[in-house]
Each structure stands twice: as structure tokens, then as C-alpha cells.
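Asks: Generate a structure from the sequence data that follows.
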Amino acid sequence: MSESLIVTEKLCKTYSTGGNQQHVLKNLDLTLHKGDFTVIMGASGSGKSTLLYALSGMDQPTLGSILFNNKNISKLNQDQLALFRRKHCGFVFQNINLLDHMSVLDNILASGLLVSKNKKEVIKQAKELLSHVGLQERDWSKFPSQLSGGEAQRVGIVRALINRPQIVFADEPTGALNSSSSDAVLDVLSSVNENGQSIVMVTHDLKTALRGNRVLFLRDGMIYGDLRLDPYYNNNREQRQQQLQAFLNEMGW
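Replies: As a prediction, the model looks like this:
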């Protein structure tokens, strides 16, 4: 087993609405390991995105602790959490939110220069990453409105990786894409993971979930099932799909 990266203990998240309390996460214990591609699944309202936001420091738990490299981030204030996210986390969302008035390259640099003041090094890193995700030099000067959905999401992935984060959090990254664009984005995430990058991804899609080597199933704010899979390869898709489908059937998905 690889070294642990994130450990939660008795993690709880409660929202109060109109005097009523909604317990979204309930005494959740979880260990995520370095280099894993972890997929979080479950029905709508099961707590998937809430868990992702808590693990990434985007939201603070009501009770319990989150240890990131043995540091309790649940005790950090908002400014400290912002610095933590900037240094250690990358984010890929369904809504990519690129800056419309900036080119592809400038969108990447705007994120990269938040951490590093070495502009020359950030530019070099950005160009290498853009090439790695299949965006050629002719695409770097384009504006977001000139990109396809799949191209824009690949830019979003580069933006998430530019600061060399220890972990990338992805919330339904292919939810708004067609099949071919989804495959291209998932190929990039798989390639990144093969190079040792830790990933946590929320999805409701079976095809997307196949890319993970660990699948967590949430129900009513608790981990109801935990499936381990072999590393993803194109030639083992059918076997993986059978394993995952059987697991999800058992979960009542």
C-alpha cells in the first residue's frame, strides 16, 4: 500500500436551512493514498461533492478532522486554506470558467504566477503541459470562445496542474462534454495519474468511473462501499466494467 496523503476522522458536515439541520456527511473515516485515482460515486444528494469540497479545503467540516500530509487542515482559517489550496491542490470542474478576455496561455499563466514568480519557468511548464494534453502551439493564442468543449476542459486540466499540486480534485469533469471530448479529457487524466499524480474525481457516469483504481460509493453521507481495481488499460476495459457494474448493482445504484 502506498503512503497516505489524506486521512479523515469522524468527518461530519451539517447545513442548517430554515431551522432544520441536514446532515450531509456523517462520521466519515477515510484514507486516500498517494498516486491513487479515486472515484466518488453515489446518488444525487449522497454527499459526493460535499466530501470533495471538504477534502480539498474548499469547505470546512462541522466536526471531525482532515489530515493532509499529517497536517490538520480542518483547523486552518480561510486565508490559510486559500494558501493551502494554491500550493497543494488543483481543481477541474464541469464549468471550466476560463477568463474570456485572456488567451489559452495567459489563462494558464494567471494561475501559475500566483505561486511562482519565475515567469520564464512558468511559461516553459505551461507550454510543456499544453503540448502534453494535445493542444498545439497554434491553439495557445486562442481565446476560450474559439475552443471546443473538450479543448477548453483540457486547458482547465493544465490550469489545475501548472503549480505541480500534490492532488487534483475533479467534479464531474466530463459532465458537459460529448463522448469523444470526454474520452480525450479522461485520457489526459489517466496519463497524468500514470505519472504519479493523485486524483479524486466525483462522477455519476460508469464510463468515466472506469478510469479510477479505487471507487467509493456514498449513501446518506457515509461510505457504503469501497472497490479496488487494477490500474486502467484500454485492453482491460471490459473486465473492469463488469467488476464495476457488479459493485454498483450491489450498492443499489
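Asks: ok so residue 6 is a helix residue?
Replies: No. In this structure, residue 6 is strand, not part of a helix, as judged by DSSP: H, G, I helix; E, B strand; the rest coil.
Asks: OK, contacts around it?
Replies: Counting by CB atoms under 8 Å, 6 or more residues apart in numbering, residue 6 touches 30, 31, 32, 55, 66, 67, 68, 167. (Glycine included, C-beta is placed from N, CA and C.)
Asks: Please tell me the pLDDT value assigned to it.
Replies: According to the predicted model, the pLDDT of residue 6 comes to 97.
Asks: Buried ones in stretch 85-96, by neighbour count?
Replies: 85, 88, 89, 90, 91, 92, 93, 94, 96 (16 or more other CB atoms under 10 Å).
Asks: what's the offset of that stretch from the middle of its chain?
Replies: Its chain's average C-alpha position is 7 Å from that of stretch 85-96, according to CA atoms, centre = their mean, to the nearest Å.
Asks: before we move on, what about stretch 214-224?
Replies: Taking CA atoms, centre = their mean, one finds stretch 214-224 lying 16 Å from the centre of the chain it belongs to.
Asks: Grab the nearest non-local neighbour of residue 135.
Replies: residue 154 (6.0 Å; CB to CB, 6 or more residues apart in numbering).
Asks: Count residues in the vicinity of the one you found, would you?
Replies: The burial metric for residue 154, expressed as a neighbour count using other CB atoms under 10 Å, is 27.
Asks: Could you double-check that residue 8 lies in contact with residue 68?
Replies: No. Between residue 8 and residue 68 there is no contact, the gap being 10.0 Å when judged by CB atoms under 8 Å.
Asks: which parts of stretch 206-226 are buried?
Replies: Here stretch 206-226 shows 208-219, 221, 223-225 as buried, counting by 16+ other CB under 10 Å.
Asks: Give me the subset of these that lies in strands.
Replies: Helix and strand membership here follows DSSP state E; of those, those in strands are 214, 215, 216, 217, 218, 219, 223, 224, 225.
Asks: just the strands in the stretch 1-150 of the chain please.
Replies: With DSSP state E, counting those that start in this stretch as the definition, the stretch 1-150 of the chain shows strands at residue ranges 4-17, 20-33, 37-42, 63-68, 71-72, 89-93.
Asks: what does the stretch 151-253 of the chain give?
Replies: For the stretch 151-253 of the chain, the strands identified by DSSP E, counting those that start in this stretch occupy 167-171, 198-202, 214-219, 222-228, in order along the chain.
Asks: Kindly reformat those strands as a markdown table containing distance to residue 107.
Replies: Conversion of these to a markdown table gives the following (distance: least, CB to CB, whole Å):
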| stretch | distance to residue 107 |
| --- | --- |
| strand 167-171 | 17 |
| strand 198-202 | 21 |
| strand 214-219 | 31 |
| strand 222-228 | 36 |
